[in-house]
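*Asks:* what would the 3D arrangement of this be:
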Amino acid sequence: MRQFVDPETGEVFYEEQILRRPDEIVKVFRPAGRSAKFVKIKASQKAKRRLRKLSLAEAGFLLKIAPYASEGTNLLLGDNERGQKGVPLTIKELARIADCSYSQARKIVRTFIEQRILRWTDIAGRTALAINPLYSLNGKEAESGLLQLFRQEITEAGEDPNSE
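*Replies:* Here you go, the predicted structure:
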């Protein structure tokens with residue numbers, strides 16, 4: 001183990017080598033000091049196979065917009081940093097979030113709708129995009145309205161998005 005010292009702050013760092021299996025995730029945390037949030041992505045083998053079929057651009061787009069999916073409904077809503085809090089995000093706002101052009105975002109959204117990864121729905125007179133719970137990354141239980149919206153896809157997959 002090698003030790004390094006930051007010349008500006010005097011903070012001590014250690015270099016370690018970690019051996020892990022391909023399906024393992026290494027988590028680094030500080031027992032004292034600042035707290036940190038960790039994101040755990042839990043997906044079934046079927047969900048992992050579905051995600052592997054996406055192109056790199058599509059997978060990157062989905063990963064970047066997934067944190068904007070509301071808990072339970074998977075509606076893509078603003079958070080006051082991007083879009084107005086609780087208001088459905090537009091494709092233009094999704095393009096900014098995903099750091100891509102509007103035309104590229106529109107093309108990916110269209111592809112996701114064709115692949116039944118996203119679906120338009122109406123909430124309080126506004127159209128919103130919802131992420132199929134079979135592709136959801138937040139691991140929260142899907143509400144009945146979301147399950148109804150993607151009923152055909154869930155039935156075809158023979159999978160319960162709320163089961164572990």
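*Asks:* okay, now the unreliable bits of the protein?
*Replies:* Residues of the chain meeting the criterion pLDDT under 70: 1, 27-45, 137-141, 160-164.
*Asks:* where do the strands sit along this protein?
*Replies:* With DSSP state E applied, the chain shows strands at 2-5, 12-15, 118-123, 126-131, listed in chain order.
*Asks:* nearest to Y102, out of those?
*Replies:* Ranking the strands of the chain by distance to Y102, with Cβ to Cβ as the measure, places strand 126-131 first at 14.9 Å. The C-beta positions use only the backbone N, C-alpha and C, and glycine is treated the same way.
*Asks:* any buried residues in the closest one, and which?
*Replies:* 128-131 (16 or more other Cβ atoms under 10 Å).
*Asks:* returning to that earlier point: so which of the strands of the chain is the most packed in?
*Replies:* Sort those by mean neighbour count, taking mean count of other Cβ atoms under 10 Å, and strand 126-131 sits at the top with a mean of 19.
*Asks:* what's the longest helix in this structure?
*Replies:* The residue-count maximum for a helix in the chain (DSSP state H) belongs to helix 102-114.
*Asks:* okay, it in PDB with CA atoms only?
*Replies:* Taking Å, rounded to 0.1, in the frame of the first residue of the first chain, the C-alpha atoms of helix 102-114 are listed here in PDB:
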ATOM      1  CA  TYR A 102     -32.700  18.200 -29.600                       C
ATOM      2  CA  SER A 103     -32.900  16.100 -32.800                       C
ATOM      3  CA  GLN A 104     -30.900  13.300 -31.300                       C
ATOM      4  CA  ALA A 105     -33.100  13.300 -28.200                       C
ATOM      5  CA  ARG A 106     -36.300  13.300 -30.300                       C
ATOM      6  CA  LYS A 107     -34.900  10.400 -32.300                       C
ATOM      7  CA  ILE A 108     -34.100   8.400 -29.200                       C
ATOM      8  CA  VAL A 109     -37.400   9.200 -27.500                       C
ATOM      9  CA  ARG A 110     -39.200   8.100 -30.700                       C
ATOM     10  CA  THR A 111     -37.100   4.800 -30.700                       C
ATOM     11  CA  PHE A 112     -37.900   4.300 -27.000                       C
ATOM     12  CA  ILE A 113     -41.600   4.700 -27.700                       C
ATOM     13  CA  GLU A 114     -41.400   2.200 -30.600                       C
END
